[in-house]
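Student: The amino acid sequence is not available; the structure is as follows:
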């Protein structure tokens, strides 16, 4: 398979598909750090930059066009400008590029919010555009935590739900065969975990009685919160109250731990930080984090975090690489004359697709060919 990847980022598609023997005809990425990553890992593959300017003669015949166009205009966390937003309109530019290059296969990815954007009409316009170009299609929401393939027998430990549309020129059944297994068509869907909503007080509020897991905020040192006590965490361990028992906040400072109890609100494991420096429990089952977000090194940008022993610390870039299925150190390369800083690595990883999901899709396309 020869593929063209647009909005390439750090190329989850290539990491997933090169072991299948697939070949990249070209990339299209304009952001500086991901472009540097592409030049470092794939120096022989041209980066065309703005994909809206690519012509068929630039890349030659291709079998597949893949891309995850910008999601901000469709995300429920944004203003939801949809196709009227310049970033959202890039999904239609994806179709125009498909019309110019005419590959057999299309693979398009975005956030689940695209399904409800503009009352579903935006997504309908994208699918309708595929039909007008002669592509049969199928779409499905895939969660990275359930995609187990070779090299990823345990999938990846984050709840990352994304919409994938697969198109095949002239036949919707080939596309459906990629995205749907017989078991799922029989109603045997994968189990779901509910998202947690517990929020800690702001870090700045803690010295004045706001509670929380600590009093220090040290980005440079890698800690989101650090405590002056050894705390045992149980259930609602978001408020520091050393006098509380199992029915209270579940915090002790004597090194002992309360018995973990079966409650509707479970133990805090994974956290995320918002722009107000609040730590939010990612998932109520205590087992898995929510989607890895775009973070960075600037004030007000979020960092993924995890409870470890007696502190809540920021995830390292390497841990974020593992959450997305990349090899260790994939985003650590010389950048602007020195080792890549954490900020652009967090951002690039948060923007990326999950490698194991792309491997699963690629393997199923192989089986359909």
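Tutor: Thanks, I have it. Just so it is clear, the structure is predicted and the values come from calculations on it, not from any experiment.

Student: Next, count neighbours for residue 131.
Tutor: Residues lying near residue 131 (other CB atoms under 10 Å) number 12. Using the backbone N, CA and C atoms, a C-beta is placed for each residue, glycine as well.

Student: got the contact list for it?
Tutor: residue 137 (CB atoms under 8 Å, 6 or more residues apart in numbering).

Student: helices and strands of this protein: which one has the lowest mean pLDDT?
Tutor: None of the helices or strands of the chain scores lower by mean pLDDT, DSSP states H and E than strand 216-218, at a mean of 26.

Student: what about the strands in the stretch 101-250 of the chain?
Tutor: 105-110, 135-143, 158-159, 161-169, 216-218, 223-226, 232-233 (DSSP state E, counting those that start in this stretch).

Student: Show me which residues of the fourth one are buried.
Tutor: By neighbour count on 16 or more other CB atoms under 10 Å, the buried set for strand 161-169 is 162-169.

Student: So which of those residues is the closest to residue 101?
Tutor: Proximity of these to residue 101 (CB to CB) peaks at residue 169, which lies at 11.2 Å.

Student: What residues sit buried inside the biggest helix by length in the chain?
Tutor: When the chain is scanned for its longest helix (criterion: DSSP state H), the result is helix 355-368. For helix 355-368, the neighbour count (16+ other CB under 10 Å) marks 355-365, 368 as buried.

Student: next one: stretch 45-62
Tutor: Buried-residue list, stretch 45-62, by 16+ other CB under 10 Å: 45, 47-48, 51, 54, 59, 62.

Student: what mean pLDDT does it have?
Tutor: Averaging pLDDT along stretch 45-62 gives 95.

Student: Equivalent analysis for stretch 158-167, please.
Tutor: Across stretch 158-167, pLDDT averages out at 92.

Student: can you check stretch 110-118 too?
Tutor: 85.

Student: I'd assumed residue 354 was in contact with residue 144.
Tutor: Yes: using CB atoms under 8 Å, residue 144 is in contact with residue 354, at 3.9 Å.

Student: between those two, what contacts are shared?
Tutor: 156, 158, 160, 162, 325.

Student: Tell me who's in contact with the third one.
Tutor: The reference is to residue 160. So residue 160 contacts 143-145, 290-292, 354, 357 (CB under 8 Å, 6+ apart).

Student: how about a cut-off of 6 Å?
Tutor: By CB atoms under 6 Å, 6 or more residues apart in numbering, the residues touching residue 160 are 144, 291, 354.

Student: Go through the residues you listed and say which is closest to residue 89.
Tutor: residue 291 (23.8 Å).

Student: Not including adjacent chain positions, what is the nearest residue to that closest one?
Tutor: residue 160 (4.4 Å; CB to CB, 6 or more residues apart in numbering).

Student: How about residues contacting stretch 54-64?
Tutor: 1-4, 25-26, 48, 100-101, 103-105.

Student: now, the most widely separated pair of those residues?
Tutor: Most distant of the contacts of stretch 54-64, by CB to CB, are 48 and 104, 20.6 Å apart.

Student: wouldn't residue 142 be in contact with residue 357 here?
Tutor: Yes: the pair residue 142 / residue 357 is scored as a contact, 5.5 Å apart, by CB atoms under 6 Å.

Student: returning to what we had before: in CSV, list the buried residues of strand 161-169 along with distance to residue 117.
Tutor: Output for these, formatted as CSV (distance: CB to CB, whole Å):
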residue, distance to residue 117
162, 14
163, 11
164, 16
165, 14
166, 20
167, 19
168, 25
169, 26
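
Student: Let me see the contact set for residue 164.
Tutor: Residue 164 neighbours (CB under 6 Å, 6+ apart): 109, 140, 142.

Student: Quickly list what it is bridged to.
Tutor: As for beta bridges, residue 164 partners with residue 109, residue 140 under DSSP bridges.

Student: Tell me how far it lies from residue 62.
Tutor: Distance of residue 164 to residue 62, computed by CB to CB, to the nearest Å: 19 Å.

Student: re the thing from before, now flag whichever of the contacts of residue 160 is closest to residue 66.
Tutor: Using CB to CB, these come closest to residue 66 at residue 354, 13.8 Å.

Student: per-residue pLDDT, residue 84?
Tutor: For residue 84, the predicted pLDDT is 54.

Student: meant to ask about residue 103
Tutor: pLDDT, residue 103: 97.

Student: count of residues packed around it?
Tutor: For residue 103, using other CB under 10 Å, the count is 25.
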